[in-house]
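J.: okay, here's the prediction I keep looking at, along with the sequence it came from:
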Amino acid sequence: MTSREFGNRIRRRAKKANVQVAPDVLTKLEAYYRLLVRWNDKINLTALPLRELTDAAVDRLLIEPLASARYLPEGPLTWFDLGSGGGSPALPLKAVRPSAHLTMVESKARKAAFLREAVRALGLMDAEVEAVRFEDLITTRPVVCGTGQLVTVRAVKLDNAFFDVARALLGRGGLLFLFSSFEMGPRVAPGFEPLQTVRLAPSARMGSLPSSQLIILRRT
């Protein structure tokens, strides 16, 4: 896929999701995509098709994170992405909010190495990777507790241990973004109140991936 083809694909899918993609963001998305393709041949970062890129994969990996940006709080942002894996939604979202301080937490060493390479290749400032289980982050770095305005997560088990960590990282009023490809009602978790649930991309065609829900909770 040429750069022109990639750009046209991104702009077309972004338009359907009512998302604007600035040229500098598009450059970072392409760098991320090409790095993801190379590394995915060596380690399993995503099961989505990359070399024969489908619209559903574009939406899930790139467009949905961009669409979530409109729900970010204004002002300075300290942000933790838990179980970062292959880097989506964190890296595309960071591309549109470059001033945010992002900490990606990924326990698997090879995936953490990929994330560090992606930070370097995309030229992202104020982004770091912690190669620990997110359950251990608040004990290995207790200084981070209560400092966050945002926690994001996709494809992580939403059990009590997860919500305990998210609650510990966030200050009062901080937001928790749950990206889910499954239908879920408003989450009820101690210390959080549900704000809204939104669709992030147009409805998928028959046989394609369903668009993700973004469930937004606020720490009380």
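T.: Okay, I see it.
J.: drop to CA atoms for contacts and neighbour counts, all remaining ones
T.: OK.
J.: burial of Arg12, as a residue count?
T.: 14 (other CA atoms under 10 Å).
J.: can you pull the contacts of Pro89?
T.: Going by CA atoms under 8 Å, 6 or more residues apart in numbering, Pro89 touches Leu61, Leu62, Glu64, Pro65, Thr152, Val153, Arg154.
J.: would you turn those residues into TSV with neighbour count and secondary structure?
T.: Shown next, in TSV, are those (neighbours: other CA atoms under 10 Å; DSSP: H, G, I helix; E, B strand; the rest coil):
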residue	neighbour count	secondary structure
Leu61	21	helix
Leu62	24	helix
Glu64	28	helix
Pro65	25	helix
Thr152	21	strand
Val153	22	strand
Arg154	21	strand
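J.: for those residues, which one is nearest Asp41?
T.: Nearest to Asp41 among the contacts of Pro89 is Leu61, at 16.8 Å by CA to CA.
J.: which residues of this structure fall in helices?
T.: Assigned helices in the chain, in chain order: 3-16, 23-40, 55-58, 64-68, 90-96, 109-122, 134-140, 160-169 (criterion: DSSP state H).
J.: those into CSV, with extra columns for mean pLDDT?
T.: Putting the helices of the chain into CSV (pLDDT from 0 to 100) gives the following:
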stretch, mean pLDDT
helix 3-16, 94
helix 23-40, 96
helix 55-58, 91
helix 64-68, 95
helix 90-96, 97
helix 109-122, 97
helix 134-140, 91
helix 160-169, 94
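J.: which one of these lies closest to Leu200?
T.: Of all these, helix 64-68 comes closest under CA to CA, at 5.2 Å.
J.: which one of the helices of the chain lies nearest to Leu48?
T.: Closest to Leu48 of those is helix 55-58 (CA to CA; 5.8 Å).
J.: just checking, what packs against that closest one?
T.: Other helices and strands packing on helix 55-58, by 3 or more CA pairs under 8 Å, 6 or more residues apart in numbering; DSSP states H and E, are helix 3-16.
J.: can you name every helix or strand that the helix it packs on contacts?
T.: Against helix 3-16 (3+ CA pairs under 8 Å, 6+ apart) you get helix 23-40, helix 55-58.
J.: what's in contact with the first one?
T.: Yep, that's helix 23-40 we're talking about. Contacts to helix 23-40, defined as CA under 8 Å, 6+ apart, come from residues 3, 6-7, 10, 45-46, 50-51, 62, 86, 91-92, 95-96, 114, 118, 121-122.
J.: and the angle from that helix to helix 109-122?
T.: Orientation of helix 23-40 against helix 109-122 (axes from the mean of the first three to the mean of the last three CA atoms, to 10 degrees) gives an angle of 150 degrees.
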